[in-house]
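Participant: need a structure here:
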Amino acid sequence: MFDFQYYAPTRVVFGRGAERRTGQLLQELGVKRVLIHYGGGGAVKSGLLDRVAASLDQEGIIHTSLGGVVPNPRLSKVREGAALAREFGAELILAVGGGSVIDSSKAIGYAVAEPEYDVWELYDRRRTPKACLPVACVLTIAAAGSEMSNSSVITNQDTGEKRGYRNDLCRLKLAVMNPELTVTLPPYQTAAGCTDVLMHTLERYFTQGGNMELTDQIAESLLRTVMKNALILRDNPADYDARAEVMWASSLSHNDLTGLGADGMDFVSHGLEHELGGMFDVTHGAGLSAVWPSWARYVYRDCLPRFVKFARNVMNVEPGASDEETALRGIAALEDFFRSIHMPVTLRELGVEPTEEQILAMAASCAKGAGGKKGTAKLLYQADMAEIYRMAL
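Facilitator: Purely as a prediction, here's the structure:
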């Protein structure tokens, strides 16, 4: 076990109809002017945006809104939102949506707080922020865990780069979470969300040392719970309890709880997927399931005890004749699970077939974004990343 610090300051209000309390909860924070940030027409058509706005009106909170956030949220929308927030005098950004909307809101928060700088400099690792306008959310998708994390991911459409940035300044003041709001999600989005939740824990699980028994058991329980309920939602999308389990798992998977005491976080699969998202605009969770099996088969020998433990404790596979065989059975079992919820396990199944030139470009960009190397299960460099993309074809 290694020493650690744990910081999870977000207030969570969870349950049926929770969004109707948004105004009251923001009033308790002393907020008077709010920019409501959202994605497509779903929040409007469902009446959610009206319910949230009405709750703000009831508390005398003045608000304006900006929609149009898309999956793999764009830097151009962040800049538009920052300009609007400054002009309006917003004291808080309220994200009504999923991870993309929350990530965009966090980036707007950074941009508004330090208007003298270009916000992309943060994501390009050229400076460190000193402030961020407060952010809150009404969550509509269980996936990214951005509601309780210190990270956000933005795509620069001018360069095709998709970059993540982590800093505690952007942690949300409030997360309003009603599992009912996720019932209308298309099955593909529900499955992709469950995959993202799994991956946030897997990225913390496959490490080389320092692991705590309690942390491991929390992580393994979360993984089993999400897989169980993903199958329930595949067959019965309206199951409230399954929706609630996955929504809470989404938050716990990315608020650092499942990696405490370990020697770091791997997140190579996320880095590889970010390049796919930047180049091909794929759904994040589906991109993760398409690259993870190849990443796992590339690194498992260097992290064999963890892969064996995963195979036994999470995937419940029969032990093989050797630890290596057991590890491979565990990888194959998760691959089969992804197929069972209709997630791709190769790039072709994802719908993309990058050329060798594109593979080399993605690997170079991934390595650059990671400072040349990345990984805790196995330290990987640009050539390794390119080979994983090839294996994933």
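Participant: pull the distance from the helix or strand bottoming out on mean pLDDT in the chain to the chain's centre.
Facilitator: Of the helices and strands making up the chain, the lowest-confidence element is helix 42-45, at a mean of 85, by mean pLDDT, DSSP states H and E. Its chain's C-alpha centre and that of helix 42-45 lie 22 Å apart, by C-alpha atoms, centre = their mean, to the nearest Å.
Participant: quick one: buried residues of it?
Facilitator: 42-43 (16 or more other C-beta atoms under 10 Å). All C-beta atoms are positioned from the backbone trio N, CA, C, and that covers glycine.
Participant: same check, this time on stretch 35-48
Facilitator: Neighbour count says stretch 35-48 has 35-39, 42-43, 48 buried, by 16+ other C-beta under 10 Å.
Participant: ok, and what's touching that stretch?
Facilitator: For stretch 35-48, the external contacting residues (C-beta atoms under 8 Å, 6 or more residues apart in numbering) are 19, 49-50, 52-53, 56, 63-70, 81, 84-85, 88, 90, 92-98, 100-101, 104-105, 108, 138, 140, 181, 184.
Participant: any of those buried? List them.
Facilitator: 19, 49, 52-53, 56, 63, 65-67, 69, 81, 84-85, 88, 90, 92-98, 100-101, 104-105, 108, 138, 140, 181.
Participant: restricted to helices, list these.
Facilitator: 49, 52-53, 56, 81, 84-85, 88, 100-101, 104-105, 108 (DSSP state H).
Participant: out of those residues, the closest to Ala262 would be?
Facilitator: Of all these, Ala262 sits closest to Ser100, with 28.0 Å by C-beta to C-beta.
Participant: tell me where the stretch 151-300 of the chain has helices.
Facilitator: Taking DSSP state H, counting those that start in this stretch, the helices of the stretch 151-300 of the chain run over residues 187-205, 213-235, 240-253, 268-280, 284-299.
Participant: what about those helices, which gets the closest to Gly369?
Facilitator: helix 268-280 (6.6 Å).
Participant: what angle separates that closest one from helix 187-205?
Facilitator: Computed by axes from the mean of the first three to the mean of the last three C-alpha atoms, to 10 degrees, the angle separating helix 268-280 from helix 187-205 equals 140 degrees.
Participant: re earlier: spatially, which two of the buried residues of stretch 35-48 are the most separated?
Facilitator: By the measure C-beta to C-beta, Leu35 and Gly42 form the most distant pair in the buried residues of stretch 35-48, at 19.0 Å.
Participant: okay, now the unreliable bits of the stretch 101-250 of the chain?
Facilitator: Low-confidence regions of the stretch 101-250 of the chain, defined here as pLDDT under 70, do not occur.
Participant: that older thread, would you turn the ones in helices among the buried ones among the contacts of stretch 35-48 into TSV with distance to Asn211?
Facilitator: Listed next are those as TSV, based on distance: C-beta to C-beta, whole Å:
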residue	distance to Asn211
Leu49	43
Val52	41
Ala53	46
Leu56	44
Gly81	40
Leu84	45
Ala85	42
Phe88	47
Ser100	32
Val101	34
Ser104	34
Ser105	34
Ile108	37
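Participant: and the most far-flung residue of the chain relative to its centre, how far is that from Leu56?
Facilitator: Farthest-out residue of the chain from its mean C-alpha position, per C-alpha atoms, centre = their mean: Ala321, at 36.5 Å. Relative to Leu56, Ala321 is positioned 63 Å away (criterion: C-beta to C-beta, to the nearest Å).
Participant: for Arg339, same thing?
Facilitator: Counting by C-beta to C-beta - Arg339 and Leu56 are separated by 44 Å.
Participant: returning to what we had before: what's the closest of the buried residues of stretch 35-48 to Arg74?
Facilitator: Once C-beta to C-beta is applied, the member of the buried residues of stretch 35-48 that ends up nearest Arg74 is Gly39, at 11.6 Å.
Participant: what's the neighbour count on the residue nearest to Phe280 when sequence neighbours are not counted?
Facilitator: Nearest non-adjacent residue to Phe280, counting by C-beta to C-beta, 6 or more residues apart in numbering: Val352, 4.7 Å away. Around Val352 there are 19 other residues, counting by other C-beta atoms under 10 Å.
Participant: low-scoring stretches of the stretch 251-393 of the chain, by residue?
Facilitator: Across the stretch 251-393 of the chain, nothing is flagged by pLDDT under 70.
Participant: which stretches of it form strands?
Facilitator: Remark: strands of the stretch 251-393 of the chain are absent; assignment by DSSP state E, counting those that start in this stretch.
Participant: distance from stretch 204-216 to the middle of the chain?
Facilitator: Distance of stretch 204-216 from its chain centroid, counting by C-alpha atoms, centre = their mean, is 20 Å.
Participant: what's that stretch in contact with?
Facilitator: 1-2, 219-220, 223, 256-266, 299, 303, 306-307, 309-310, 313, 376-377.
Participant: pull up the distance across that stretch, start to finish.
Facilitator: End-to-end distance for stretch 204-216, by C-alpha to C-alpha, to the nearest Å: 10 Å.
Participant: same question for stretch 279-286.
Facilitator: Span of stretch 279-286 from end to end, C-alpha to C-alpha: 15 Å.
Participant: gap between that stretch and the chain center?
Facilitator: Taking C-alpha atoms, centre = their mean, the mean C-alpha location of stretch 279-286 is offset from the chain mean by 13 Å.
Participant: how about stretch 174-186?
Facilitator: Distance, centroid of stretch 174-186 to centroid of chain: 16 Å (C-alpha atoms, centre = their mean).
Participant: report the buried residues of that stretch.
Facilitator: 174-182, 185.
Participant: between the two ends of it, how far is it?
Facilitator: Span of stretch 174-186 from end to end, C-alpha to C-alpha: 26 Å.
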